[in-house]
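Student: just to be clear, the model below is a prediction. Sequence and coordinates:
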Amino acid sequence: YEIRLSLVGSEMCIRDSINSRLGEMKKKPLGSLSPSLSSSASSTVTAGLTSSHHSDPGVIDGSLWDHLFDEEDEERDATEHENQFSQKDSIIFLIDSHEEMFEPTAEGELPFHNSIRCAIATLQDKIISSENDLVSICFYGTKEKKNINDFEGIYMMYALDVPDANEIMELEKLLQKKTPPFGHYEHSSEFPFGDALWTCSTIFSTSPVKIFHKRIFLFTNNPQPNTSSELRNQAIQRSRDLGELGIDIELFAMDRVEKKFDVNLFFQYIISIPEEDDIGNNSLITSSSFSSRFEELLMRVRRKEFKKRTTRALTFHIGKDIQFAVKLFTLVHETKKGASVWLDAKTNQPVKTITKWVCEDTGSLLMSSQIKHSYEYGREQIVFDTDELQKIKSLDQPGLRLMGFKPRSALKPYHNIRSSLFIYPDNMRMKGSGVLFAALLDRMAAKDKIAIAKYTSSVSPSRFVALVPQLEKYDSHDGTQIQPSGLHLIFLPFADDIRHVDVTEYPLASEEQITKAKKVVKLLRINFDSRNFENPALQKHYASLQALALEREVADDVPDLIVPDLEGMEKFSSQIQEWEKAVYPDGRSTFTAKGKKRKEVGDMDGDGDGDG
């Protein structure tokens, strides 16, 4: 490895500091050591045609051995990252249909329509990126009733199932109606909100599909649906029952004209505030979190749309006797187009891949127990079965083992060869993990150290990693968490991963050229956020799929947000031309301020055209 390990002295020093810090930490709660993570969900479904492979009877060629560890770690980690999203997520959209939801907001929008539009956006996202997830649409406070429990005032429009294009088109029809599509609740007594929660619980329990995550997205602008103490207590008890069943309730409240939504009146006892949520140390969601505008409401929905899921769970070992449980999160993952799927020409259903091994001599099918792997050594075939081969691959148990500590300055930018992972304690799997993790994090940050550890996953061989501490940060205005506390896991390169590159030397820029270049860069600087710039190729692909599924003749136009703002740059054309004259005094500039390419001197093509 490029970073050599001479770590014993600092390890003993920090270990003593951790022991003393642990005594303090045990007296205090862990607080909001919570990662504010977002992850975009992706899943790939592949299928192929039936195939048969021929082999020698019982033995597979030893070339398998030669490529035992040839696969890239990053590719295998990406596969495991995709596998975690194969766990089914389920969402029930529970939308209020009382009269207040049809009162126009200050922007002239109907809260009910905004809720439907959020549901449509979520269905579209799920179809594209997580087609195996389940979604249900349920309204409460309606005149008509349609639900499993036969409760009054509850209309279940769609049962919990995989979303399809027909559901989206039917929801779009609801946006054309200015009146309640299923009527208002017209009984003399107020609607029992606990019945709506009970119905959601029944929807989840009667689903024939095994569900990993269960959530309710609640849309309303009524901060106090029940004033009766009896109905209020029933609703609170129902919400607690849902919590015990692992069902989370996410509130998407909307303000009314001249009336802010006050969560403290009722919903503070209903909604779920998980430990991983990103609301800082606040015990309640504040009124500043709510808005009646559709754009802000949709942004809040998309933040909650995909459940935070761990890449993997490991045990962190310190020495021989100390260990605690941690979770690993993938902070950045490239979004890719879904893989192509083979379909049956008659039924249009995915074709399942079936691989059969056939004995070359007898033509009979081979069972997995009959197949061996071999490697030629000393002119002899050394035979291994599948279990023995798996043990050879697994040289160490999966986990993280602390090797020692180094100064933070020892970690160089060029050591970062791939995207990092984020480590967070797992108190559910091993009690007390948060206390020990917090003590380690606190001492590493205080001494400005990084940890060197041996990282072994279930899908790749061991390698050394650097663990970089990150402390928690909060917004000074509303107290929300803007940076979680935890450890960044940086994969360290092997020695031969870093090579000396011969770079052709060019004349250095003069002070005048550097000054004018700085001026141009300063003028063209923008407030950059990668989340504001989507991949235009992917968006065009998704728009085409959406148009095909919704039976539309033309796909929606997709703006290319990564194209330079030529009109905005035109305002600084004089400064750009001054820099060009300083760099290209003979007029050999490739581009003008307007973005039109000039013909280069010595251009081999001779046409002067090209992409900017």
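Tutor: Noted; the coordinates are in hand.
Student: give me the number of residues near Ile562?
Tutor: 9 (other Cβ atoms under 10 Å). C-beta: built from backbone N, CA, C; applies to glycine.
Student: for it, which non-adjacent residue is spatially closest?
Tutor: The shortest distance from Ile562 to any non-neighbouring residue, by Cβ to Cβ, 6 or more residues apart in numbering, is to Phe533 (5.6 Å).
Student: in terms of pLDDT, where does that neighbour sit?
Tutor: For Phe533, the pLDDT comes out at 81.
Student: so what's the residue count around it?
Tutor: For Phe533, using other Cβ under 10 Å, the count is 11.
Student: what separates it from Asn149, distance-wise?
Tutor: From Phe533 across to Asn149, the span is 47 Å (Cβ to Cβ, to the nearest Å).
Student: run the chain-centre distance for the longest strand seen in the chain.
Tutor: Criterion DSSP state E: the longest strand present in the chain is strand 460-470. Here strand 460-470 is found 21 Å from its chain centre; the criterion is Cα atoms, centre = their mean, to the nearest Å.
Student: in it, what's buried?
Tutor: Within strand 460-470, the residues scored as buried using 16 or more other Cβ atoms under 10 Å are Ser460, Ser462, Arg463, Phe464, Val465, Ala466, Leu467, Val468, Pro469, Gln470.
Student: helices and strands around it, which ones?
Tutor: With contacts taken as 3 or more Cβ pairs under 8 Å, 6 or more residues apart in numbering; DSSP states H and E, strand 460-470 sits against helix 73-84, strand 399-407, helix 433-446, strand 449-457, strand 486-491.
Student: quick one: which of the ones you listed is nearest Leu110?
Tutor: With Cβ to Cβ, the closest approach to Leu110 among the helices and strands packed on strand 460-470 belongs to helix 73-84: 38.0 Å.
Student: after that closest one, next one along is what?
Tutor: strand 89-96 (DSSP states H and E).
Student: what's that following strand in contact with?
Tutor: In this structure, residues lying in contact with strand 89-96 by Cβ atoms under 8 Å, 6 or more residues apart in numbering are 41, 101, 112, 115-116, 118-119, 122, 130, 133-141, 160, 196, 200, 203-204, 207, 211-222, 225, 305-307.
Student: recalculate using a threshold of 7 Å.
Tutor: Contacts of strand 89-96 with the rest of the structure, by Cβ atoms under 7 Å, 6 or more residues apart in numbering, involve 115, 119, 130, 133-141, 160, 196, 200, 203-204, 211-220, 222, 307.
Student: those, buried ones only, as a PyMOL selection?
Tutor: Only the buried entries of the contacts of strand 89-96 go into this PyMOL selection, using 16+ other Cβ under 10 Å:
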select buried, resi 115+119+130+133+134+135+136+137+138+139+140+141+160+196+200+203+204+211+213+214+215+216+217+218+219+220+222+307
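Student: just the contacts of strand 89-96: which are in strands?
Tutor: Under the assignment DSSP E, the contacts of strand 89-96 contribute 134-140, 160, 213-220 to strands.
Student: pick out the lowest-pLDDT one from these.
Tutor: Lowest confidence among the ones in strands among the contacts of strand 89-96: His213, with 84.
Student: so which residues of this structure form helices?
Tutor: Using DSSP state H, the helices of the chain run over 8-25, 63-66, 73-84, 111-129, 165-174, 193-205, 229-244, 294-305, 386-393, 433-446, 511-523, 536-549, 566-570, 573-583.
Student: the first one - what's its average pLDDT?
Tutor: Averaging the model's pLDDT scores along helix 8-25 yields 47.
Student: cool, and the second one?
Tutor: Model confidence over helix 63-66 averages 44 on the pLDDT scale.
Student: and Ser460, how far is that from Thr386?
Tutor: Ser460 is 19 Å from Thr386, by Cβ to Cβ.
Student: give me the number of residues near Gln381?
Tutor: Gln381 has 12 nearby residues by other Cβ under 10 Å.
Student: which non-adjacent residue is nearest it?
Tutor: Ser374 (4.6 Å).
Student: coming back round to it: pipe the buried residues of strand 460-470 into CSV and attach distance to Val326 and pLDDT per row.
Tutor: Output for those, formatted as CSV (distance: Cβ to Cβ, whole Å; pLDDT from 0 to 100):
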residue, distance to Val326, pLDDT
Ser460, 17, 75
Ser462, 17, 86
Arg463, 17, 89
Phe464, 17, 94
Val465, 13, 95
Ala466, 15, 96
Leu467, 10, 96
Val468, 15, 96
Pro469, 14, 95
Gln470, 14, 94
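Student: among the helices and strands packed on strand 460-470, which is nearest Ser239?
Tutor: helix 433-446 (25.8 Å).
Student: show me what that closest one is packed against.
Tutor: helix 8-25, strand 322-330, strand 421-425, strand 460-470 (3 or more Cβ pairs under 7 Å, 6 or more residues apart in numbering; DSSP states H and E).
Student: low pLDDT regions in the chain?
Tutor: Counting by pLDDT under 70, the chain contains low-confidence residues at 1-87, 129, 272-294, 302-308, 478, 587-612.
Student: what's the longest strand of the chain in contact with?
Tutor: So strand 460-470 is contacted by 1, 69, 73, 76-77, 395-396, 411, 423, 441, 444-445, 450-456, 483, 485-492 (Cβ under 7 Å, 6+ apart).
Student: which among the residues you listed end up buried?
Tutor: Buried among these (16+ other Cβ under 10 Å): 73, 77, 411, 423, 441, 444, 450-456, 485-492.
Student: next, the contact list for the closest residue to Val465 other than its chain neighbours, please.
Tutor: Distance criterion Cβ to Cβ, 6+ apart; nearest residue to Val465, sequence neighbours excluded, is Tyr455 at 4.4 Å. Counting by Cβ under 7 Å, 6+ apart, Tyr455 makes contact with Leu400, Ser462, Arg463, Val465, Leu489.
Student: of those residues, closest to Glu296?
Tutor: Leu489 (34.0 Å).
Student: and that closest one, how far from Pro398?
Tutor: In terms of Cβ to Cβ, Leu489 sits 14 Å off from Pro398.
Student: ok, Lys356 next?
Tutor: Distance from Lys356 to Pro398, by Cβ to Cβ: 32 Å.
Student: which one's more surrounded, those two?
Tutor: More neighbours surround Pro398 than the other of Lys356 and Pro398, with 16 against 10 (other Cβ under 10 Å).
Student: re earlier: and the helices and strands packed on strand 460-470: which comes nearest Ile576?
Tutor: That would be strand 486-491 among the helices and strands packed on strand 460-470, by Cβ to Cβ, at 38.5 Å.
Student: got the contact list for the closest one?
Tutor: Strand 486-491 is contacted from outside by 35, 328, 411, 415-418, 420-424, 441, 455, 463, 465-470, using Cβ under 7 Å, 6+ apart.
Student: go on, stretch 203-210?
Tutor: For stretch 203-210, using Cβ under 7 Å, 6+ apart, the contacting residues are Lys88, Ser90, Ile92, Leu134, Ser136, Ile148, Ala159, Leu160, Ile211, Lys214, Ile247.
Student: okay, how far is it across that stretch, tip to tip?
Tutor: Terminal residues of stretch 203-210 are spaced 13 Å apart (Cα to Cα, to the nearest Å).
Student: so what's the gap between that stretch and the chain middle?
Tutor: On Cα atoms, centre = their mean, the centre of stretch 203-210 falls 25 Å from that of its chain.
Student: okay, buried residues for it please.
Tutor: Here stretch 203-210 shows Ile203, Phe204, Ser207 as buried, counting by 16+ other Cβ under 10 Å.
Student: rewinding a little: what strands line up against the longest strand of the chain, and which way round?
Tutor: Sheet pairing for strand 460-470, assigned by DSSP bridges, gives strand 449-457 (antiparallel), strand 486-491 (antiparallel).
Student: run the angle between the last one and strand 421-425 for me.
Tutor: What it means is strand 486-491. 140 degrees (axes from the mean of the first three to the mean of the last three Cα atoms, to 10 degrees).
Student: state the distance from Lys346 to Tyr414.
Tutor: For Lys346 relative to Tyr414 (Cβ to Cβ), the value is 55 Å.
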